[in-house]
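Kindly return the folded structure for what I paste below:
(one chain, ligands or ions: 1)
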Amino acid sequence: MKKNTVFDCNIIHFPRIANRAGNITAVQNGIEVPFDVKRVYYLYDIPGGEDRGAHAHKKLEQLIIAASGSFDVTIDDGRNKKTVQLNRPFFGLHVLPGLWRDISNFSSGAILLVLASETYNTADYIRTYDEYLNYVK
Ligand code: TYD
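Take a look at the predicted model:
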């Protein structure tokens, strides 16, 4: 199986329908999202200074969106790391399977929206960095 690298993870720019009364962004399976979305979840009420993530997925891929506010996502393939600040609701970071991710520097009131290719499955998680390095070796 091909190993994904941080260089394979792109930022997807979603369309924005602008209106003086506010904006709309629509995200559709197979059009703006390069996989079928099976689960949507969002993180909110994140206390200042907290870090989230710190795991990898074997099969799941996802788009991470700053629906409100901003935060930094660091992806890591065991060789290279890349940190992306997400701060606009019309950008999505495509995190491919097999990458370690860490999320930090949440702004006050940030909402982290995730579109995921799989339903929740604890067996798909790699929870420690040592285990991850072994997995990608
Ligand atoms: P976890 O994936 O560890 O969160 P993070 O990596 O963002 O820190 O999940 C935290 C808790 O939420 C854990 O008890 C599992 C639960 N959870 C679900 O029940 N369903 C889900 O879809 C997700 C993402 C988490």
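
Looks to me like T74 is in a strand.
Yes. With DSSP: H, G, I helix; E, B strand; the rest coil as the criterion, T74 is assigned to a strand.

gap between it and N105?
Distance from T74 to N105, counting by Cβ to Cβ, to the nearest Å: 10 Å. Any C-beta I mention is one placed from the backbone N, CA and C, and that applies to glycine too.

ditto for L86
In this structure, L86 and N105 are 10 Å apart, going by Cβ to Cβ.

do K81 as well
As for K81, its distance to N105 is 15 Å (criterion: Cβ to Cβ).

Please say which of those two ends up with more neighbours.
For K81 and N105, the more surrounded residue by other Cβ atoms under 10 Å is N105, and the numbers stand at 16 against 13.

looking at it, that one is touching V73, isn't it?
No. Taking Cβ atoms under 8 Å as the definition, N105 is not a contact partner of V73, at 9.6 Å.

Would you state the helices of the protein in chain order?
Secondary structure of the chain, counting by DSSP state H: helices at 129-136.

Specify the beta-bridge partners of the residue nearest the centre of the chain.
Among the residues of the chain, I64 comes closest to the average C-alpha position under Cα atoms, centre = their mean, at 3.1 Å. Under the criterion DSSP bridges, I64 forms beta bridges with L93, V114.

That one touches L93, doesn't it?
Yes. The pair I64 and L93 qualifies as a contact (Cβ under 8 Å) at a distance of 4.7 Å.

so what sits against both of these two?
Any residue near both I64 and L93 by Cβ atoms under 8 Å, 6 or more residues apart in numbering counts here, and that gives 73, 86.

Return the residues of the protein in contact with the ligand.
If contact is defined as Cβ under 6 Å from any ligand atom, the residues of the chain in contact with the ligand are 39, 41, 43, 52-53, 55, 120.

redo that, cut-off 8 Å
By the rule Cβ under 8 Å from any ligand atom, the part of the chain lying against the ligand is 39, 41, 43, 52-55, 103, 114, 116, 119-120, 122, 125.

mind listing what the residue of the chain most remote from its centre touches?
Taking Cα atoms, centre = their mean as the measure, the residue most remote from the mean C-alpha position of the chain is R20, 29.4 Å away. For R20, no contacting residues are found, by Cβ under 8 Å, 6+ apart.

Understood, closing this out.
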